[in-house]
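Asks: sequence below, structure please.
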Amino acid sequence: MNFYISALLSATILIAGIIGGVRFNRVHHTYYPLLYFFWFAGFNELLSTGLAINHVNTILNGNVYVLLESFLITWYFKKTGIFKKPVLFYCILTAFGVFWVLENFIFSTIHQMAIYYRIFYSFVIVLMSIHAINQLITTSRGLLLKNSSFLVCIGFIAFYTYKVIIEAFFLYGLSSIRFQIVVFDILVYINLVVNFIYALAALWMPKRQAFTLPS
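Replies: Residues are numbered from 1 along each chain as shown. Below you'll find the predicted structure:
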């Protein structure tokens, strides 16, 4: 796939970011970490594209991005209430931080792709998404397909499951260059679909409840 087409398709995350920005003051605070994730992802896509055009390696900003992404998404799940005990939330964040530091500064360098961390945090996000969907099925009263949390979790499961698979392929050298190109192209299209799911989720995020004084 042409580099510029790939970059353009990946930048569609900005649609969700723009919708979220327009609706920010009306959206329920539960979704704030998700909006921050949209904005940060969009910024990183633009940064990576600019660096690549100028022939600058994007591994460094990519490694920093995946750490902050995992923190923001976990924070979002905390806001949705999937962690019955706060200690689990802090344990996951600590595990992310320790794993990231070990791979990027102890066993490898931050200038090399942190593949193990990408597999680890993607797997954890999929598990949290499944748990959140199970919770929504038992508690939600409306149509799930118009529930922002449900849509986001479906997007997370689709994207990060595929990400775990392709990172495992690359890690164990089970793919030729031609196969890697095909796998990456599929990832771009999955990312495009997921970005539109995020945009719908941003559009349908529930409004915060208006504060009224007791009569």
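
Asks: drop to CA atoms for contacts and neighbour counts, all remaining ones
Replies: Noted.

Asks: residue boundaries of the helices in this structure?
Replies: 3-10, 13-23, 32-53, 59-80, 86-101, 115-139, 148-171, 177-203 (DSSP state H).

Asks: what residues of the first one count as buried?
Replies: Using 16 or more other CA atoms under 10 Å as the test for burial, helix 3-10 gives 6-7, 9-10.

Asks: run through who's touching stretch 139-159.
Replies: 125-126, 129-130, 132-133, 136-137, 187, 190-191, 194-195, 197-198, 200-202, 204-206 (CA atoms under 8 Å, 6 or more residues apart in numbering).

Asks: equivalent analysis for stretch 187-198, please.
Replies: Contact with stretch 187-198 is made by 6, 9-10, 12-13, 15-16, 151-152, 155-156, 158-159, 162-163, as judged by CA under 8 Å, 6+ apart.

Asks: ok, now with 7 Å
Replies: For stretch 187-198, contacts defined as CA atoms under 7 Å, 6 or more residues apart in numbering pick out 6, 9-10, 12-13, 16, 151-152, 155, 159.

Asks: send the alpha carbons of it over as PDB?
Replies: Extracted in PDB, the C-alpha atoms of stretch 187-198 (Å, rounded to 0.1, in the frame of the first residue of the first chain):
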ATOM      1  CA  LEU A 187      -4.100  -3.900   9.800                       C
ATOM      2  CA  VAL A 188      -4.500  -0.500   8.100                       C
ATOM      3  CA  TYR A 189      -8.000  -1.500   6.900                       C
ATOM      4  CA  ILE A 190      -9.000  -2.900  10.300                       C
ATOM      5  CA  ASN A 191      -7.700   0.400  11.800                       C
ATOM      6  CA  LEU A 192      -9.800   2.400   9.400                       C
ATOM      7  CA  VAL A 193     -13.000   0.500  10.300                       C
ATOM      8  CA  VAL A 194     -12.200   0.800  14.000                       C
ATOM      9  CA  ASN A 195     -11.600   4.500  13.700                       C
ATOM     10  CA  PHE A 196     -15.100   4.900  12.200                       C
ATOM     11  CA  ILE A 197     -16.400   2.900  15.100                       C
ATOM     12  CA  TYR A 198     -14.600   5.300  17.500                       C
END
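
Asks: any buried residues in it, and which?
Replies: Buried residues in stretch 187-198, defined by neighbour count with 16+ other CA under 10 Å: 187-188, 190-198.

Asks: which pLDDT value does the model give residue 183?
Replies: Listed pLDDT for residue 183 reads 82.

Asks: sorry, back to before: single out the most deeply packed of the helices of the chain.
Replies: Of all these, helix 13-23 carries the top mean neighbour count, a mean of 21, counting by mean count of other CA atoms under 10 Å.

Asks: which residues of the chain score low on pLDDT?
Replies: Residue ranges of the chain with pLDDT under 70: 173-176, 209-215.

Asks: now do the same contact list for the residue nearest to residue 122 when sequence neighbours are not counted.
Replies: Leaving aside its chain neighbours, residue 122 sits nearest to residue 160 (5.1 Å; criterion: CA to CA, 6 or more residues apart in numbering). Counting by CA under 7 Å, 6+ apart, residue 160 touches 122-123, 126.

Asks: dump these into CSV; add distance to residue 91 as well.
Replies: Formatted as CSV, the contacts of residue 160 follow (distance: CA to CA, whole Å):
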residue, distance to residue 91
122, 16
123, 16
126, 17
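
Asks: with that, I have no additional questions.
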